[in-house]
Structures are given as structure tokens and as C-alpha cells.
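1. could you work out the structure for the sequence below:
(chains A and B)
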Amino acid sequence: MAIDKRKTPDINAGSQADIAFLLLIFFLVATTMNTDTGIARMLPPMPPEDQQQEEIKVKERNLFLVFINGRGDIMAGASGKQEPIDLSQLKERAKEFIVNPMDDPNLPERTNKEIELANGGKWVYPVSEGVISLQTTRDTNYQSYIMVQNELTRAFNEVRDEVATRKFGAKYADLPEDERNAVAKAVPLKISEAEPRNIKR
Amino acid sequence: MAVMKKKGSKSLPGISTASLPDVIFMILFFFMVSTTMRDQELLVRYKLPEATEVQKLEKKSLVSFIHIGPPSLTMQAKFGTAPRIQLNDSYKSTRDILDFVAAERDKLSEADRASMTICLKADQATKMGIVTDVKQELRRANALKISYAASKTLGYQYQ
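-> Numbering: from 1, shown residues only, chains lettered A, B, ... in the order given. Below is the predicted model:
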């Protein structure tokens, strides 16, 4: 016939938008967008079964006890000297315990430790021996537990920020990884969670 | 001039829709890149607790989830409202966590096993008893890296 063989007819692209819409709606329905966030923690490893349960002796001044009861009330302080405090005071108390700026004999000891830096240098920093012990009862609400964990994390983060600013001149989160590790060694996140034998039923 | 004006107002040229597919494709690619596939159906309801010091979970593929909360509305007739633990797609007890962790660990490559993270997604009204039981099982299963899922908030209202 009289049709020019070299010229192919145009493909109608009018429905391309509809196809794209279909794909778009499929992805809208089948996927989720939430980015999961959370408070990261390391659990202590389980002691071997045959090992004798030895009480690890921690000096009284090195221990900061935090109790949360079933109603979300908080008691905190050195062992024997706990007092009921408000959640808003917890961070300052924890920070004071971690830093011990005045070398108070009632607050944790600090031992000088050498921390190796990435550039081969050594950094001597008095690392606190303090341990924060967190205990709950079985009927404590998860929300109050997370709020206390959050306050303690905030205390550690603020101390790390201060140390990082003094040593490296930037906030903890903005440091390169090796420097961040050094600061994390200088201010270790020591939160001990009670063994279940300590949990009152 | 008058003639031209008249002509212009009478027949507007049609808006070209030739670039519409491109726009839609752009939106499509945005969603393909920024979202993840829904992987499991939730059998428990939870409202995550709120916290300010949250961190993002780094690699999704290394994270396994444990959901704790009261059964979802459709399941309440059968299972009541007491908090349950959901592993994969069914209710499980704390005894099954060892197997669950082992199975999740097997899915990962040898190099990634050390950095496996367990994300605990618990309802904010859950009692610590059940959470502590789960944590003890995780310690027994040697899955020590955990994350308490919490949604980001700017601050608390202290009561």
C-alpha cells in the first residue's frame, strides 16, 4: 500500500501517567515510612551456669542507686542515702555523680587512664569508677522506665558533650568516629540493671 | 490588535500533559527510595513510649523486632487484653525467644552476627515484669545488643 515503511507510527503515551499512578499507589499502600528510633543499650552477658555467684564488691561511693516503683516514683542516691526525687532532678544528680567535679569523697573515685588516640598520642583522663544501678519492680510502667533511662542517657550525653568540647572542640555527635570512641572510653556508659533476684514481686 | 485579542480569549491552548508521567515517576521514585516494605502484620497494639535521646537504628537488615503489648482489637475476643509477646507472625511465650534469636541469627551472614540488634517495641503501659523476662531470655540467647524503641519527642512535661 501507500504507507511509507520507514516511518513508524507514534506510540500513544497518554496512558503512561495512569500506569505511573498505579505503581505509585501500590508503593504507597505496601510500604511504611517510619524510621525506627530507640534508646540503645548493651545487656550484660549471662554468667556461666556453673560459676559461683560472687557478689561483685563495689565501693559505696561508686554506686548510685535508682529505684522506680509501680507508681513511677523515683528514689535515688548513694546506697543507704536514697531519697525520693523528681524526674526533673534526676539528670543533674546523675551528672554530678558521673563528673564529680570537686573530688568529693562521697562521690565516685576517678582513676587516670590512658586512652589511645587515633593519631598515636595518649590522652590521660580521670575515668570515673561510678556505676548507676537501675532497679524496677515488676509492676513498674514501661513508660516511666524509659523516661528514667532517657534522663540517664541525657546525663551521659551531656557529660560526653562537655568532655568532647573541651578535648576536641566539637560536640560528641559531630566528632569523627575514632575521637568519638575515645570520648566514649573516657565517659563510659555504666548503667547496671538489676538482676531479677533483686526484683521484688 | 482588537482582532488578535478576541482570538486569544476565545480559544485557550490546551495545557500540555506530556510531562505529567515524568512528575508522577519522580514521586514514585521518591517513595520507592524512602520507604521500606511492610514485612509483618501486627497482632499487638502498642503506643511507643517517648524519649528525647533516641538514636536511629542503623541497618534495618540487622534488626529483629520483638513486639510486646495487648492483642489487637480483632484478636481480643480470643486472647483477652493481657500483654502478649509477638515474634514473627504469632503470639509466643518467653520460652520461644531462644529459638527466635537463633533463627534470626542464622539469617545473617557470619560477619554481621555480632552486630545483630534486637529492637524491643513495647507498649508504654506494659509492666516491667514481662519486659525483664524478655531481657533475661535475650541475655540467655546471647543477643546483647538491644534497643528500646521510643518515639522522638522534644521534651517531657514533668508532672
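2. ok, residue A:13 - contacts?
-> B:18, B:21 (Cβ atoms under 8 Å, 6 or more residues apart in numbering or on different chains). Any C-beta I mention is one placed from the backbone N, CA and C, and that applies to glycine too.
3. what does residue A:126 give?
-> A:110-113.
4. at 7 Å what do you get?
-> A:110-112 (Cβ atoms under 7 Å, 6 or more residues apart in numbering or on different chains).
5. who wins for neighbours among those residues?
-> residue A:110 (15 neighbours; other Cβ atoms under 10 Å in any protein chain shown).
6. the closest residue to it other than its chain neighbours is in what secondary structure piece?
-> Setting aside the residues directly before and after it, residue A:110 is nearest to residue A:126 in space (Cβ to Cβ, 6 or more residues apart in numbering or on different chains), at 3.7 Å. Residue A:126 belongs to strand A:122-128 when assigned by DSSP states H and E.
7. list the buried residues for the helix or strand following that strand?
-> Remark: after strand A:122-128, the chain's next helix or strand is strand A:131-136, criterion DSSP H and E. Buried residues in strand A:131-136, counted by 16 or more other Cβ atoms under 10 Å in any protein chain shown: A:131-136.
8. and the very next helix or strand once past strand A:131-136, how far out from the chain middle?
-> Helices and strands here follow DSSP H and E; after strand A:131-136, the next one along the chain is helix A:142-168. Distance, stretch centre to chain centre, for helix A:142-168: 8 Å (Cα atoms, centre = their mean, to the nearest Å).
9. same for the helix or strand just after helix A:142-168, what does it pack against?
-> Downstream of helix A:142-168, the first helix or strand assigned by DSSP H and E is helix A:177-186. Using 3 or more Cβ pairs under 7 Å, 6 or more residues apart in numbering or on different chains; DSSP states H and E, the elements in contact with helix A:177-186 are strand A:110-116, strand A:122-128, helix A:142-168.
10. any stretches of the chain with poor pLDDT?
-> Reading this off chain A. Within chain A, the segments meeting pLDDT under 70 span A:1-5, A:34, A:50-57, A:194-201.
11. to clarify, I was referring to chain B.
-> B:1-10, B:156-159.
12. so what's the spatially most central residue of it up against?
-> With distances taken as Cα atoms, centre = their mean, residue B:38 lies nearest the centre of chain B, 8.0 Å away. The contact partners of residue B:38, by Cβ under 7 Å, 6+ apart, come to A:30-32.
13. mind checking how far it is from residue A:174?
-> Remark: distance between residue B:38 and residue A:174 (Cβ to Cβ, to the nearest Å) = 35 Å.
14. again, but for residue A:98
-> From residue A:98 to residue A:174 the distance is 21 Å (Cβ to Cβ).
15. looking at those two, which has the bigger crowd around it?
-> For residue A:98 versus residue A:174, the count of surrounding residues by other Cβ under 10 Å is larger for residue A:98: 23 against 13.
16. element containing that one, please.
-> Using DSSP H and E, residue A:98 falls in helix A:87-99.
17. do the same with residue B:138
-> When elements are assigned from DSSP H and E, residue B:138 belongs to helix B:128-140.
18. show residues contacting that helix.
-> Against helix B:128-140 from outside (Cβ under 7 Å, 6+ apart): A:43, A:45-46, A:136-140, A:142, A:145, A:196, A:199, B:66, B:68, B:83, B:85, B:94, B:97-98, B:101, B:118, B:120, B:122, B:146.
19. out of those, which are buried?
-> Burial by neighbour count, judged by 16+ other Cβ under 10 Å, picks out A:43, A:136-138, A:140, A:142, A:145, B:66, B:68, B:83, B:85, B:97, B:101, B:118, B:120, B:122, B:146 from the contacts of helix B:128-140.
20. show me what contacts the nearest residue to residue A:90 once chain neighbours are set aside?
-> Closest residue to residue A:90 apart from its sequence neighbours, by Cβ to Cβ, 6+ apart: residue A:151 at 4.6 Å. Residues in contact with residue A:151 (Cβ under 7 Å, 6+ apart) are A:87, A:90-91.
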